[in-house]
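Peer 1: Following is a predicted model, sequence given first.
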Amino acid sequence: MRVGVLALQGAFREHKLAFERLGASVTEVRLPEQLEGLLGIVIPGGESTTMAKLMKIYGLDRALTDFYRGGGALWGTCAGAIAVSSEIVDFPDQPRLGLMPISVARNAYGRQVDSFEVDLEIADFVTPFRAIFIRAPRIVGIAPSVRVVASYAGAPVMVRQGRIMATVFHPELSGDDRIHGYFLDRLCSVESQYQPASQ
């Protein structure tokens, strides 16, 4: 199984290590052509404004949209959840992919000094998942088609719609690879290996 991690900035190395521990082959994606042949890709945490600018510079905003529409799976974590969202309520002009019908508020759980950990009950997991929140966005609205997989303090923190998923916390920092396994098993289909439309 071959997946990618968007490697423009942020915690992409930790995602790569988690997937490799699960036996997946991982490509660090910095250019559109590196999406070819992948089953899915993670957009990691980082600084969402910087990430949006870099995606546009390298043509990855359009390429990731084509990747998803062409059958690939997407997972946004923290800043990545902002990137895939359809609405950023406090920064409405910030560029985003707009592929998932969720509304988010940036840094809504506080600044870096307000980072915290909490045990989450996640659908289909036998035991709780220790989630790490760092400058996390809050999901403040979802479409009826979006499934809430986990919540904290009454708000969704892990959501899924078909082949796209968002977590506002950082599973890659926990040492627990179950959410990475969930992405591989539930969202990445071997039948959906991405090939550019030009081929």
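Peer 2: Looks like it came in fine.
Peer 1: Now do the strands in the chain.
Peer 2: Taking DSSP state E as the criterion, the chain carries its strands at 2-6, 25-29, 40-43, 73-77, 85-88, 100-105, 116-120, 129-133, 138-142, 147-152, 155-161, 164-167.
Peer 1: and among those, the most buried is which?
Peer 2: By mean neighbour count, with neighbours taken as mean count of other Cβ atoms under 10 Å, strand 40-43 ranks first of the strands of the chain at a mean of 30. For glycine as for every other residue, the C-beta is placed from the backbone atoms N, C-alpha and C.
Peer 1: out of everything not next to it in sequence, what's closest to residue 119?
Peer 2: Nearest residue to residue 119, sequence neighbours excluded (Cβ to Cβ, 6 or more residues apart in numbering): residue 128, at 3.9 Å.
Peer 1: Measure how buried the one you found is and give me the count.
Peer 2: Neighbour count for residue 128, taken as other Cβ atoms under 10 Å: 13.
Peer 1: In contact with it, which residues?
Peer 2: 119, 120, 121, 122 (Cβ atoms under 8 Å, 6 or more residues apart in numbering).
Peer 1: pull the helix or strand with minimum mean pLDDT from this structure.
Peer 2: Lowest by mean pLDDT, DSSP states H and E among the helices and strands of the chain is helix 48-57, with a mean of 92.
Peer 1: chain center to it, what's the gap?
Peer 2: For helix 48-57, the gap between its own C-alpha mean and the chain's C-alpha mean amounts to 15 Å (Cα atoms, centre = their mean, to the nearest Å).
Peer 1: for it, which positions count as buried?
Peer 2: 48, 51, 52, 54, 55 (16 or more other Cβ atoms under 10 Å).
Peer 1: show me where pLDDT drops low in the protein?
Peer 2: The chain contains residues with pLDDT under 70 at 110-114, 190-194, 197-199.
Peer 1: Tell me the buried residues in stretch 176-195?
Peer 2: Of the residues in stretch 176-195, those buried by neighbour count under the rule 16+ other Cβ under 10 Å are 176-184, 187-188, 193-194.
Peer 1: export those residues to TSV and tack on distance to residue 32?
Peer 2: Converted to TSV, the buried residues of stretch 176-195 look like this (distance: Cβ to Cβ, whole Å):
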residue	distance to residue 32
176	32
177	28
178	31
179	26
180	24
181	27
182	27
183	21
184	23
187	21
188	19
193	16
194	11
